[in-house]
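Colleague: Model the following, please.
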Amino acid sequence: MGEFSQIQRILRILQILSSGRKVTTTELLHRFDGRVSLRTLQRDLLALSEAGIPLISEKTMANENAWTLMSRFRSFIPMPLETNEYLAAHILKANLKIFQLILNLLLWSFLISMAIDRFRRIYWHIKTILDDPKHFFFFQISWTNKSINF
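Modeller: Next up is the predicted model:
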């Protein structure tokens, strides 16, 4: 019945548990397609726990154990990727760099357009003051005092 070695079973159990959800021993049995006995899986889970792997076991309503890994341990589990998954991750990484560059360009474009708009408003305000004769005298006085008051 045992087509998997103990190390293969233990690594696969760790990978299944690293998903973060509770997994019952029956679910684990189905994940191994019935090629491993329920008692073997229970012994493997016990061996993991005795080895210091922080497993949490809870009884379900059906009087079965549900197993989870403590969250701080999940990031240490190696997740095997196939060639297509590595390729997809590489393409995604390259596209994220391009997307980040586009966002930066859009941000700079927005900031430049805001600055131009602000300069236009200031120019319009100064032009309005200079075009109005009653404000022109005040503007000249303020300019000679090295401060501009609008």
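
Colleague: Give me the pLDDT for Ala47.
Modeller: Ala47 carries a pLDDT value of 91.

Colleague: Could you do Arg39 as well?
Modeller: 91.

Colleague: any idea how far it lies from Phe99?
Modeller: Using C-beta to C-beta, to the nearest Å, one gets 51 Å for the distance from Arg39 to Phe99. Yep, even glycine has a C-beta here, placed from its N, CA and C like the rest.

Colleague: cool, and Gly34?
Modeller: Gly34 is 45 Å from Phe99, by C-beta to C-beta.

Colleague: try Ala47
Modeller: For Ala47, the distance to Phe99 - C-beta to C-beta - is 45 Å.

Colleague: So the two - more neighbours on which side?
Modeller: Using other C-beta atoms under 10 Å, the more surrounded residue of Ala47 and Phe99 is Ala47, with 14 against 11.

Colleague: host element of the nearest residue to that one once chain neighbours are set aside?
Modeller: The shortest distance from Ala47 to any non-neighbouring residue, by C-beta to C-beta, 6 or more residues apart in numbering, is to Ile10 (7.0 Å). Ile10 belongs to helix 6-17 when assigned by DSSP states H and E.

Colleague: Just the CA coordinates for that helix, please, in PDB.
Modeller: Below are the C-alpha coordinates for helix 6-17, written out as PDB (Å, rounded to 0.1, in the frame of the first residue of the first chain):
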ATOM      1  CA  GLN A   6       8.300   8.400   4.900                       C
ATOM      2  CA  ILE A   7      10.200  11.600   3.900                       C
ATOM      3  CA  GLN A   8       8.000  12.000   0.800                       C
ATOM      4  CA  ARG A   9       4.900  11.600   2.900                       C
ATOM      5  CA  ILE A  10       6.100  14.100   5.500                       C
ATOM      6  CA  LEU A  11       7.100  16.700   3.000                       C
ATOM      7  CA  ARG A  12       3.800  16.300   1.200                       C
ATOM      8  CA  ILE A  13       1.900  16.600   4.500                       C
ATOM      9  CA  LEU A  14       3.800  19.800   5.300                       C
ATOM     10  CA  GLN A  15       3.000  21.300   1.900                       C
ATOM     11  CA  ILE A  16      -0.700  20.500   2.300                       C
ATOM     12  CA  LEU A  17      -0.800  21.900   5.800                       C
END
